[in-house]
Structure formats: structure tokens, C-alpha cells
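Asker: Sequence unavailable; structure follows:
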């Protein structure tokens, strides 16, 4: 069976998945955790094969680390599943209840999105996290993981799917895609797939967006900023800046550009340069900044060269006049991900947080907090820099939509148009 | 200035619009209502010019009625504005408040989407409704109305924009597009425009979706169904069916297909045929249905000919075995708009409402209730058949998104990674 036929039968299973009781979905999650433990030797063996292939192919050590699935990772995903089971059911929540007229009641109720396609990087724990989030939220899912962990993914998927189906979920609730060609086939299934969540490089996410009519949720860039509005405590502020850059430079929520208020520059820039040098971070800056601290040997940036995502130990620095100019820079060059202001001036902070057009706006802390786990969402399927539907780290809430249920007793619109009856619009 | 430059300066104004106080937005709405009243003679004169041009061009009387803007319509839009002023501010609502760790607090707060482009049919009241909804929700808006009301729209837009700006909203908060060519230019502004809401024909909405990278909210088809599961009261049920078809046949929420449970057919079909004939509705049906009521002279439909939206006094009829088959038909042929079940069997109704994959699922009432005004939303910018972001009639809530605000005291992720600190995740 090709991807299209597979996805079509998944679409037919989606209403059964949508109406599956919470108890069955939670039982499936518990069964998955149990079976992962039981079959851990098989998983580890498959993972060793992937790691050996990566070693042979000369994959970088830092990347190899992400491919690994060991006892430690197993414990992580099991505790993630346990947390997911404890979270309240995201389905069937009534978010609006209103009497439209005597005997005519409207309820807005959360329900699954339907069929979701997730394309993710080579990280075996992502396979477990994403599939279990989709199960908890009553969605059918097509999962395509990175090819570097193909062996691990195959075993994990088989365990997860079998446990879910044995627990009573529909046979077609989960589907695995393994070939890159299947992605293009998936992109054409706009009648069957309700949402695509691509994770990966900027170029990859753009490719997906440009080649499908299916709504896409995700982020293409992570160009995050920190604006130093006031030096209220240089030690604390430098610590935030260094953490935001170095704690995990390859992450989308690492800072790429530091904006410093011009009248702080003379005192603060030398300290910033020293702190970054000590942390092994290369600083690139405008001519104005370079001239102020010539001894720091910064790289020179053009005034409009602020669209780059380093994903590495490098950072851009620029001076701005005030919070308004900082906001303008961030809204123009940023990627609407996460931006932070360092200040004790509450009026400046409020202005910054209201006017910066990003999913996350922070005061006096590191941009690295933008993460579903840190926000307490249990896990995330991704981080959205779009503004439509879900924004920021996307957990269970971003995987549901709603429908309006209207209960009547023979009500017709004609009676209201003629004036025989009128709307009451009382919230219930 | 071209559309692109206009939209760019609107983007720069969006943060000011987003941070405008509720009092200013409400004052702008009040000023608009007042100025519409003051300038009504100018509006009516412009509208007469549009109506005369329509008459000369031989536009159908039913369409001409929609172009009219008279005292009655003025009162309608003024009362709509008064209702909008009374509605609570959709901005700044805190939908999540959580202590992530000691001294680190996360708030999810509603905020405007930013810049919205609305392309709507030739109905002058739509210009007022849409612009005032955008103002209340703090969004900047590009408005393009149907060319048949160009004169009326020009006057209305000028009045609305001037009143809004005089009340203190940004100069660039509203923009009017008048030429069809400007639509294509607007579609290319994916860096500036955050959301497009096209209203109009199926072909038009599809064209928009296929020619832009901007997220599109709207509906392409309105193929609504009513499934007769039980004849609990034939008179009431026929009244619902006739209302759903005839109360306004050109509306997207009019019923297009009636599904009847097979074991009710012998008794119910003759009554249905008679009721539809009396209401002037042409019935097209499968061979099975035609054979059961040969005297009704129904049109013959192929078994798979159920994707048509009549927008006219015609309806399709088909028999199904049970609620499961009805759900299957609706999910396959429907447009995920609004579907109703007629039954007193609560188990069947619950199954139908859970499994039908539509924005509105109704029991024992007409599909024509799917409307922002009838739902008590004040007004609507459109009806969404998408599942991402907003679904069903879209009022103020569909015009806002949210951002995460995080307030810290020097917090860095490194302290949590090293185990120095841990997350508390307490809801505030």
C-alpha cells in the first residue's frame, strides 16, 4: 500500500480515534511505557546498529550524541509518558456554553485536529514524545524521523503502535514513513492530513511550506534577541547573556543578537566583550561597537546584517537609542520566536513586552527558557513562530481544536427572522 | 505609494495598535458610529450611484438588495458597533499563569494577530462590521470590498478611518484596496500580512489559498448535511429541513444533502418530497430514492454525485443504513462546515456529534444557525472550515493570538541543567 492509501485509511480511523475514551488513551500510554521497558534490549541493539553506521559515515560526535538511545534516555521518555498520563484530558473541554434561545443550547468543545504529519530530526526520543502526545490528544499521526536513526525508529514505532492498538485504539492510529520520497507523497495528501509539523533546518521547513496546501505549524528560524536597557546588575546580566548564547548554541532559542542601549555602551561593552571572550564566543558587531572596544577584535557587521542564525558560539552586537528602536529592530530582523529585555524599569519592560511581536517576551532571564518542558507542558511537538493557532512551545493544547455543538428542539431560523422568537444569548 | 509600501508602514504601526488602550479603541468605535450618522446623506448618495450603476449593468434584483445601504442598514451597523463596544476587551486576557521556579513567572496573554487582510463581497455593511471588529481586537487591517459597491465603500472607509485616527489610533491602522490588481500585490506581502480572510466564491477562495504564503482563514465550500435518524415528529422535522434549505438558499450554511435512515424511507420520503415540492425545492436523489417515490419526479443522482453546493432551491437526497454510514458520507463529501442530526436517540446524537468532523454539529435544529450573530459573537469576519486557529463563525476571539510573557530575576537555564535549581511548575 502506498502512502496515499495508508493516509486515506487513517483518515477513516480518525473519528474513532477522536471518540476514544480517555481511559483507553491513557491505558495505551501506560502499555507503551511498559513495553519499551520490556523490549529495551531490542531497542538498544537497533540503536547500536545506527550508532555504528554513523561512526562509519564519519558523523560528528556532537550529532552522534543525539542519535543515542540508552538506559538514561529510556528513563527520560518513560517519565515523560508518566507525566502525560497524569495531565488532564485535553479533549471534551467545554470552552463556551451559551443558551442561544429558549431550548437552544450551544457548546464549544475541544476535539482532536484529526490527522497530523510530523517530520522530525534523527532523535529516537522524539519518536516516543511525538507519538505519545498525539495519542493523548486523540490524533492520528504519520511519523517520519531522521534516517540516521532508521533502525531505532523502526523498533520504537513497532512497539508503540502495537501497544496502542492492543490497548484498544484504532488499528490505523499511527503510521510510520521511512523513505524521503514518502514526504513528497504526504505533502500532496491535503484532503487527508489536517496539519503538518516539520522540525529541522530552516531550508527544510521552508521546502515543506512551499510544497503543500496542508497547514504547516512550526518555525523556520530562531533569531532571538536580548536588549540591555539598563545595567542594574552587570554580573547577573552578563550571566544571562552568556547562558542564552552558550548553554546550547545549536538550539533555536539561543540568543543571536544583543542590543545595547547607546548610553550604556562605554561602560558595558568592554565587560560584555570580556565575558563573551571568556565563554569562547566570537563577537561580531557594527562599526560603532567595534570602535568603542578596539582591543576586543570583534568581527565587523554591516548595519543591515542582522538576519543570521549562528547556531554556534558567535553573537551579533549593536547599539540602539532606546526601547522603541530595540523593538523596531527585533520586529524587523527577528523571527518572532523569543526576545528578552534586561531592565528593572517596569515601564520599559511593559512597553517591550507589549510591542515586541514574538511568541515569547521575557524580562531579566535567558531566552533558553522557551521550551515545552520548562513551561511545564510535559513535552512539546515543536515551537511555533506562526501566530495562527498555536504559538511558542506546542504541547497538548496546540494539538486540539474545537467544534460547536448545538442542541435544539425543532428550532428554525425562520422563526427568528420573522420575529416570532428572539435570541437570549445567556451564558450557561 | 504602492500596496507593498503601504502595507509595510502598516506593519510598523501594528505594535502601536497592539498596545492601544481599550478606552481608545472603544472611543474610536463610538466616533465611527457617530460619524456614520452625521454623514449618512453622503453615504446614501454614494450608495445610490452604486445602485444605479448596478441597475444599468443589469445586476439581478436579489444581488442589488445586498448592495443597498439605507437607513435600516445604518441602524443595523450602529447597533452592531454599540454591541461591540459593550463586549469585554479581547486583548490582555491571561489564559495561563504559572510559576516555573521561585521568582520566575510565566503568563500567556492574548494579543492581536497584527496585520489582517480581508477581501469581501459587495456588501457595504460588511465594510463597517469587519473594520470595527479589527479595531476592537487591536489589529491593523487592509480592506478590499466588492467593486459593485466601490462608491459606498470609499465613503464608508474614509469616515471609519478618519474617526479612528482622530480618536487616537495609529494613522496607518486601516487601509483600503480598491483595485483587483492590488489583491495580487497583497498576496505577495507575506512578511507584512499575518492573516488573510477571503470571503466569496469557492473558486475565489481557492485562488487566494493557491497564490500566497500568508495563512488563509475561511471556507471554500458550504456543503451542509442533515441526517434523519428517527422520525420523532415529522411535522417538526420537515419544518427544520425546509428552513435549512429555503430560509436563505445562497448562504453557506444552507443544507445541500439530506440523508435518511433506510428503514424510515417508505414512510418519510413521500412526506419529504411533498414538503420540498410545496417549498419550491427541486429534489435530486439516488435511484433507490427515486424508485421509492416515483410520483415525485426527482432528478437522478449518481451514487458519488454528492459534492455539489447548489446555493439554490435544490437539494440532494440519499438513504443510509445508520448513523455510522451517515458520518462516513458527511466526512467524505462534506466541507466540515455544519451538519445536523434529527433524532431523540441521545446515543445516536452523541456518536454523530463526536464523529462528524465539522465546525458545527447540531441536534434537532436547522443548519442555518451557524452564524456569528446567532451565536452571540456580535458580528463575524467570516466562517472558518479550517481546523487550525479558529473554527466556525469567527468573531473577536478568532482575531487574537497570544504571547508568553516570562518575568525573571536573572534566571539562567544553566542553573537548571546543572541541578542547582529545579522547576516548581505551580499554577498561579
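Answerer: Yes, it's here. Nothing here was measured: the structure is a model prediction, and the numbers come from that model.
Asker: For the residue in the stretch 251-400 of chain A that chain B sits nearest to, report the pLDDT, please.
Answerer: At 2.8 Å from chain B, residue A:365 is the closest residue in the stretch 251-400 of chain A, using CB to the nearest CB. Every C-beta, even on glycine, is put in place using the N, C-alpha and C of the backbone. Predicted confidence (pLDDT) for residue A:365: 95.
Asker: And residue A:247, by the same measure?
Answerer: So, for residue A:247, pLDDT stands at 93.
Asker: Count the residues that sit near it.
Answerer: Residue A:247 has 21 neighbours, counted by other CB atoms under 10 Å in any protein chain shown.
Asker: Who are the contact partners of it?
Answerer: A:254, A:366, A:368, B:412, B:413, B:414, B:417 (CB atoms under 8 Å, 6 or more residues apart in numbering or on different chains).
Asker: out of those, which are inside helices?
Answerer: B:413, B:414, B:417 (DSSP state H).
Asker: who wins for neighbours among these?
Answerer: Top of the ones in helices among the contacts of residue A:247 by neighbour count (other CB under 10 Å): residue B:413, with 24 neighbours.
Asker: distance of residue A:31 from chain B?
Answerer: 24 Å (CB to the nearest CB, to the nearest Å).
Asker: Just list the residues touching that residue, thanks.
Answerer: A:163, A:164, A:166, A:167.
Asker: And the strands in the stretch 201-350 of chain A, which stretches?
Answerer: A:224-228, A:255-261, A:282-285, A:299-300, A:314-320, A:338-342 (DSSP state E, counting those that start in this stretch).
Asker: Tell me the buried residues in stretch A:189-200?
Answerer: Using 16 or more other CB atoms under 10 Å in any protein chain shown as the test for burial, stretch A:189-200 gives A:189, A:192, A:193, A:194, A:195, A:196, A:197, A:198, A:199, A:200.
Asker: Give me the contact list for the longest strand along chain A.
Answerer: Across chain A, the longest stretch assigned as strand under DSSP state E is strand A:400-411. Contact with strand A:400-411 is made by A:90-91, A:95, A:100-101, A:103-113, A:137-138, B:233, B:236-237, B:239-240, B:353, B:358-366, B:369-370, B:375, B:387-388, B:391-392, as judged by CB under 8 Å, 6+ apart.
Asker: Let me see the contact set for residue A:196.
Answerer: Residues in contact with residue A:196 (CB under 8 Å, 6+ apart) are A:116-119, A:186-187, A:208, A:212, A:214-218.
Asker: does it sit in a helix, a strand or a coil?
Answerer: For residue A:196, the secondary-structure state derived from DSSP: H, G, I helix; E, B strand; the rest coil is strand.
Asker: how near is it to residue A:239?
Answerer: 39 Å (CB to CB, to the nearest Å).
Asker: quick one on the thing from earlier: need the ones in helices among the contacts of residue A:247 in CSV (columns: distance to residue A:347).
Answerer: Shown next, in CSV, are the ones in helices among the contacts of residue A:247 (distance: CB to CB, whole Å):
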residue, distance to residue A:347
B:413, 27
B:414, 30
B:417, 33
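Asker: Throw the residues you listed into a markdown table and include distance to residue A:328 and pLDDT, thanks.
Answerer: Below are those laid out as a markdown table (distance: CB to CB, whole Å; pLDDT from 0 to 100):
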| residue | distance to residue A:328 | pLDDT |
| --- | --- | --- |
| B:413 | 28 | 89 |
| B:414 | 31 | 88 |
| B:417 | 33 | 86 |
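Asker: Among those residues, which ones lie close to chain A?
Answerer: Contacts with chain A within the ones in helices among the contacts of residue A:247, counted by CB under 8 Å from any CB of the partner chain: B:413, B:414, B:417.
Asker: Quick one: name the residues of the stretch 51-200 of chain A near chain B.
Answerer: Residues of the stretch 51-200 of chain A lying near chain B (CB under 8 Å from any CB): A:98, A:100, A:104, A:106, A:111, A:113, A:114, A:194, A:195.
Asker: tell me the contacts of the third one?
Answerer: In other words, residue A:104. Residue A:104 neighbours (CB under 8 Å, 6+ apart): A:406, A:407, A:408, A:409, A:411, B:365, B:369.
Asker: Please, a ChimeraX command that selects the buried ones among those?
Answerer: The buried residues among the contacts of residue A:104 can be selected in ChimeraX (16+ other CB under 10 Å) with this line:
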select /A:406,407,408,411 /B:365,369
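Asker: Right, I'll leave it there.
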